[in-house]
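Q: I need the structure of the sequence given here:
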Amino acid sequence: MDPSSPKTVLDIGCGRGEIARELVGKVDRIDAVDLFPSMIEAGKALQNGNHPNLHWICGKAEEALLNPPYALIFAGNSLHWMNWDELMPAMKSARTETTRAI
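A: A predicted model of the protein is given here:
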């Protein structure tokens, strides 16, 4: 990654944001997406859950309103729950495009 490029991360299926909350101090921004509001609320209550660079998004990863481009997109233990035919092309676009709904 170019050191001068923005360091933005997308965590899809973030749950309580275990990974996102650990990375948030090392990057410019993390967008953390989860389908369940209860998981997001639980994550917000944990350490770094209210960090200003951590943006929680409630919804399906396949349909979330995102703010690309992302230098890194990851799914910890959640990828198997998602519709790959919709998700993979959308994630490919999210690496290079500007804000778009997927």
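Q: going forward, measure contacts and count neighbours with C-alpha atoms only.
A: Fine.
Q: Following element in sequence after the helix or strand hosting L23, please.
A: When elements are assigned from DSSP states H and E, L23 belongs to helix 18-23. For helix 18-23, the following helix or strand on the C-terminal side (DSSP H and E) is strand 29-34.
Q: which residues are contacting the helix or strand following that following strand?
A: Helices and strands here follow DSSP H and E; after strand 29-34, the next one along the chain is helix 37-45. Helix 37-45 has contacts (C-alpha atoms under 8 Å, 6 or more residues apart in numbering) with G15, R16, G17, E18, D34, G49, N50, W56, C58.
Q: From these, keep the buried residues only.
A: Those of the contacts of helix 37-45 that meet the buried threshold are G15, R16, G17, D34, G49, W56, C58, by 16 or more other C-alpha atoms under 10 Å.
Q: quick one on the thing from earlier: can you list the buried residues in the helix holding L23?
A: Here helix 18-23 shows A20, R21, L23 as buried, counting by 16+ other C-alpha under 10 Å.
Q: who's in contact with the first one?
A: By C-alpha under 8 Å, 6+ apart, the residues touching A20 are D11, C14, I30, A32, L54.
Q: The third one contacts L54, correct?
A: The reference is to I30. Yes. The criterion here is C-alpha atoms under 8 Å, and I30 meets it with L54 at 5.0 Å.
Q: Output the below-cut-off pLDDT ranges for the protein.
A: 1-6, 78-84, 86-102 (pLDDT under 70).
Q: got the CA coordinates for the helix holding L23 in PDB?
A: The C-alpha trace of helix 18-23 is given here as PDB (Å, rounded to 0.1, in the frame of the first residue of the first chain):
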ATOM      1  CA  GLU A  18     -13.300  -7.400  18.000                       C
ATOM      2  CA  ILE A  19     -10.900  -6.800  15.100                       C
ATOM      3  CA  ALA A  20     -12.100  -3.300  14.200                       C
ATOM      4  CA  ARG A  21     -11.700  -2.000  17.700                       C
ATOM      5  CA  GLU A  22      -8.100  -3.300  17.900                       C
ATOM      6  CA  LEU A  23      -7.100  -1.700  14.500                       C
END
